[in-house]
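Novice: Got a sequence here, can you model it:
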Amino acid sequence: MTAEIGGPGEIAGKDFGYYIYGEVEDSDSYYDNSATDLTLVQASLDMDVNNPLLQAPVNHRLF
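Specialist: Model prediction:
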């Protein structure tokens, strides 16, 4: 199963963009003797702060 959302926003009069993606997988019936569990969450935030562009990507994986 996957889910994602993203879009524009504003903080203190500054425009920004965000994106969040999540994925969960448990295919225990597809492979024998192989762990196929996966949880993935990714998020990013882009905001122009007095030039240069500030980016704060975050990745978190649980195996």
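Novice: Could you pull up phi and psi at E10?
Specialist: phi -150, psi 130 (degrees, to the nearest 10).
Novice: Identify each buried residue in stretch 9-22, please.
Specialist: F16 (16 or more other C-beta atoms under 10 Å). C-beta coordinates here come from the backbone N, C-alpha and C atoms, glycine included.
Novice: Equivalent analysis for stretch 38-45, please.
Specialist: 43, 45.
Novice: Could you pull up the mean pLDDT of it?
Specialist: The pLDDT scores in stretch 38-45 average 86.
Novice: again, but for stretch 6-15
Specialist: 89.
Novice: Tell me which helix or strand the closest residue in space to K14 that isn't next to it in sequence sits in.
Specialist: The spatially closest residue to K14, leaving aside those adjacent along the chain, is M47, at 5.9 Å (C-beta to C-beta, 6 or more residues apart in numbering). Here M47, judged by DSSP states H and E, is contained in strand 37-48.
Novice: Test my guess that I11 contacts M47.
Specialist: Yes. Contact status for I11 versus M47: in contact at 7.4 Å, counting by C-beta atoms under 8 Å.
Novice: Strands of the protein, start to end?
Specialist: 2-11, 14-26, 37-48, 53-55, 58-62 (DSSP state E).
Novice: And the pLDDT for F63?
Specialist: pLDDT, read off for F63, is 55.
Novice: Run through the residues that contact Y21.
Specialist: 2-4, 40-43 (C-beta atoms under 8 Å, 6 or more residues apart in numbering).
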